[in-house]
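S.K.: Structure of the sequence below:
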Amino acid sequence: MPSRRIAVAPDTRPGMYEAMCRAVTAGGGTVVDNAEAEGLIWADPAMVEAFPDLVADARRLEWIQLPYAGIEPFAHHLDERWTWTCGKGVYAPAVAETVLALMLAGQKNLHGYARESSWSGPVGRTLSGSRITILGGGGITEHLIPLLAPFGCDITVVRRSSEPFEGADRTVTTSRLHELLPRTDVLVLALALTDETAGIIGGPELAALPDHAWLVNVARGGHVVTDDLVDALAAGAIGGAALDVTDPEPLPAGHPLWSAPNCLITPHIANTPEMGLALLEPFVAENVRRFCSGEELLAPVDVALGY
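M.R.: Okay, here's the model as predicted:
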């Protein structure tokens, strides 16, 4: 298998940079400077602003590997001159575990009990037999459905295509979301953030949910109209919200969501750096191997769709 020349940049996050260099070598590639590179492994998600300068001299560049599934920070850089891949599906097992944990915490009122300073009365529902609506048909949903199997939930997947999703009781398009909401006990957001999905859950959608329903968001904060969620929680229009992502993010100190008794917030930790690098390194190594051998790459980005 011929070796291909691959740059790893930027080098501003040493641990990630070193892991990605190891991945290139493990996959049969050769780590080179940007100007010589045929492929580029992006090694610091926080340094998007460095992208134009780093690719300016990369005249041989064919392929760019981004580290995360959510690529919206790079959306304005997407260019059909190059093949793009992302981390779609890489972190899905860890994120799916978090979804299940947040579901159970909400149903069992763990957030409420954690705030108590004295013995309190029984509050909570069972997850068993619940009606679960999942927005998004990607890797998180693929890993979440088997985790829900012991609970005998009725699962509906909502996505762009109505092609059956393995393990779901039904799969429908987003045009049918509103008819599903009144029959939803837990609404899970696990979809990409695009212009079409921004604000997909606002006042009308929250009002359509039963007053015991929980919203679980592990996708992006921008999927939810935050002010509408604050109002719905305050009015008791829904049972509660479990949020690993918020808008704005980080959520400022003193924001009403922090003090809402029916809101559980985790600081975007469904996939931590410690979890993520261990999952990303072998994934990138496999894509490097495929790039070197001319095979189809994993997790391609659709430049037209933006994810």
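
S.K.: Helices of the stretch 51-200 of the chain, start to end?
M.R.: Remark: helices assigned in the stretch 51-200 of the chain by DSSP state H, counting those that start in this stretch are 51-55, 92-107, 110-115, 139-148, 177-180.

S.K.: of all the ones you listed, which lies closest to Ala192?
M.R.: For the helices of the stretch 51-200 of the chain, proximity to Ala192 was assessed by CB to CB; helix 139-148 is nearest, at 10.6 Å. The C-beta positions use only the backbone N, C-alpha and C, and glycine is treated the same way.

S.K.: elements contacting that closest one?
M.R.: For helix 139-148, the elements it packs on are helix 92-107, strand 131-135, strand 154-159, judged by 3 or more CB pairs under 8 Å, 6 or more residues apart in numbering; DSSP states H and E.

S.K.: Any chance of TSV for the ones you listed, columns mean pLDDT and mean neighbour count?
M.R.: Below are the helices and strands packed on helix 139-148 laid out as TSV (pLDDT from 0 to 100; neighbours: other CB atoms under 10 Å):
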stretch	mean pLDDT	mean neighbour count
helix 92-107	97	21
strand 131-135	98	23
strand 154-159	98	22
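
S.K.: separation between the residue nearest to Pro52 when sequence neighbours are not counted and Ala101?
M.R.: Excluding its sequence neighbours, the residue lying closest to Pro52 (CB to CB, 6 or more residues apart in numbering) is His77, at 7.4 Å. Using CB to CB, to the nearest Å, His77 is found at 34 Å from Ala101.

S.K.: List the buried residues in stretch 229-241.
M.R.: Buried residues in stretch 229-241, counted by 16 or more other CB atoms under 10 Å: Leu229, Val230, Ala232, Leu233, Ala237, Ile238, Gly239, Gly240, Ala241.

S.K.: how far does it stretch from start to finish?
M.R.: End-to-end span of stretch 229-241 (CA to CA, to the nearest Å): 8 Å.

S.K.: now stretch 165-174
M.R.: Stretch 165-174 has an end-to-end distance of 14 Å (CA to CA).

S.K.: Then stretch 50-61?
M.R.: 16 Å.

S.K.: Show me which parts of it are buried, residue by residue.
M.R.: Residues of stretch 50-61 classed as buried under the neighbour-count rule (16+ other CB under 10 Å) are Phe51, Leu54, Val55, Ala58, Leu61.

S.K.: try stretch 165-181
M.R.: Of the residues in stretch 165-181, those buried (16+ other CB under 10 Å) are Phe165, Ala168, Thr171, Val172, Thr174, Leu177, Leu180, Leu181.

S.K.: Strands - which of these land there?
M.R.: Using DSSP state E to define strands, the subset of the buried residues of stretch 165-181 located there is Thr171, Val172.

S.K.: Pro300 is in contact with Arg290, correct?
M.R.: No. Contact status for Arg290 versus Pro300: not in contact, 11.0 Å apart, counting by CB atoms under 8 Å.

S.K.: Give me the more crowded residue out of the two.
M.R.: Taking other CB atoms under 10 Å, Arg290 and Pro300 do not tie; Arg290 has more neighbours (17 against 13).

S.K.: Now do the same for the more buried one: helix, strand or coil?
M.R.: Under DSSP: H, G, I helix; E, B strand; the rest coil, the three-state class of Arg290 is helix.

S.K.: Contact partners for Ala9?
M.R.: Each residue near Ala9 by CB atoms under 8 Å, 6 or more residues apart in numbering is listed here: Asn34, Leu40, Ile41, Trp42, Ala43, Ala50, Leu54.

S.K.: Residue nearest the middle of this protein, spatially speaking?
M.R.: By CA atoms, centre = their mean, the mean C-alpha position of the chain lies nearest to Ala219, the distance being 4.1 Å.

S.K.: Touching, that one and Ala190? I think so.
M.R.: Yes. Taking contacts as CB under 8 Å, Ala219 lies within contact range of Ala190: 5.5 Å.

S.K.: Residues that sit against both of the two, list them.
M.R.: Counting by CB under 8 Å, 6+ apart, the contacts common to Ala219 and Ala190 are Leu135, Gly136.

S.K.: circling back: out of the helices of the stretch 51-200 of the chain, nearest to Thr30?
M.R.: helix 51-55 (18.0 Å).

S.K.: What is that closest one packed up against?
M.R.: Contacts defined by 3+ CB pairs under 8 Å, 6+ apart place helix 51-55 against strand 39-42.

S.K.: Which pLDDT value does the model give the residue nearest to Pro52?
M.R.: pLDDT recorded at His77 is 94.

S.K.: so who does it touch?
M.R.: Counted by CB under 8 Å, 6+ apart, His77 has contacts Val48, Phe51, Pro52.
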